[in-house]
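> Need coordinates for the below:
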Amino acid sequence: MRGRIGEDQVVELAEMFRLMSDPTRLSIILACLDAPASVGEMAERIGISGSLVSHHLRLLRAARLLQADRRGRQVFYAVMDEHIRSMLTDMVDHVAEGEAEGEVVASN
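Numbers count the residues shown, from 1 in each chain. The predicted model follows:
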């Protein structure tokens with residue numbers, strides 16, 4: 001698989017994973033996974049300030065992990081790339097599956 005992408009793309013991919021490795025940024029991405037969300041909605045869901053959400057959004061947008069859509073005076077952010085959406089959905093399902101299996105094992 002390594003031969004499919006060049007060195008610059010490997011660096012870009014590593015940067016995407018580095019950005020997603022931060023729990024706050026990952027929470028922001030996940031908050032936008034099912035439906036577009038505004039800065040205020042994300043701040044409330046995650047429990048951090050709007051200015052901190054905005055700071056992280058700048059990084060996530062620059063890495064093309066999130067896209068912005070202006071609707072009147074508000075901006076909504078969403079995961080528009082199907083590759084990113086699919087990968088994160090699969091990983092969330094994987095983690096949830098592991099927790100469910102752990103509950104079954106613990107109850108036996």
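
> Quick check: which element contains the spatially most central residue of the chain?
Closest residue to the average C-alpha location of the chain: residue 29 at 2.5 Å, with CA atoms, centre = their mean. Counting by DSSP states H and E, the element that carries residue 29 is helix 23-31.

> Mind giving me the packing neighbours of that helix?
Under the contact definition 3 or more CB pairs under 8 Å, 6 or more residues apart in numbering; DSSP states H and E, helix 23-31 sits against helix 7-20, helix 39-46, helix 50-62, helix 82-107. In this view, the C-beta of every residue, glycine as well, is placed from N, C-alpha and C.

> In CSV: these, plus mean pLDDT and distance to residue 33.
Shown next, in CSV, are the helices and strands packed on helix 23-31 (pLDDT from 0 to 100; distance: least, CB to CB, whole Å):
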stretch, mean pLDDT, distance to residue 33
helix 7-20, 94, 12
helix 39-46, 96, 11
helix 50-62, 97, 12
helix 82-107, 82, 6
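
> And those helices: which comes nearest residue 71?
helix 39-46 (12.7 Å; CB to CB).

> Buried residues, the closest one. List them.
By neighbour count on 16 or more other CB atoms under 10 Å, the buried set for helix 39-46 is 39, 41-43, 46.

> Closest one of the residues you listed to residue 57?
Nearest member of the buried residues of helix 39-46 to residue 57, counting by CB to CB, is residue 39, at 7.0 Å.

> OK, contacts around that closest one?
50, 53-54, 57, 75, 77 (CB atoms under 8 Å, 6 or more residues apart in numbering).

> Just put the buried residues of helix 39-46 in JSON lines and tack on distance to residue 82.
As requested, these are arranged in JSON lines below (distance: CB to CB, whole Å):
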{"residue": "39", "distance to residue 82": "24"}
{"residue": "41", "distance to residue 82": "23"}
{"residue": "42", "distance to residue 82": "21"}
{"residue": "43", "distance to residue 82": "27"}
{"residue": "46", "distance to residue 82": "24"}
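
> quick revisit: same list (the helices and strands packed on helix 23-31) but as TSV, adding distance to residue 71.
Output for the helices and strands packed on helix 23-31, formatted as TSV (distance: least, CB to CB, whole Å):
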stretch	distance to residue 71
helix 7-20	25
helix 39-46	13
helix 50-62	16
helix 82-107	20
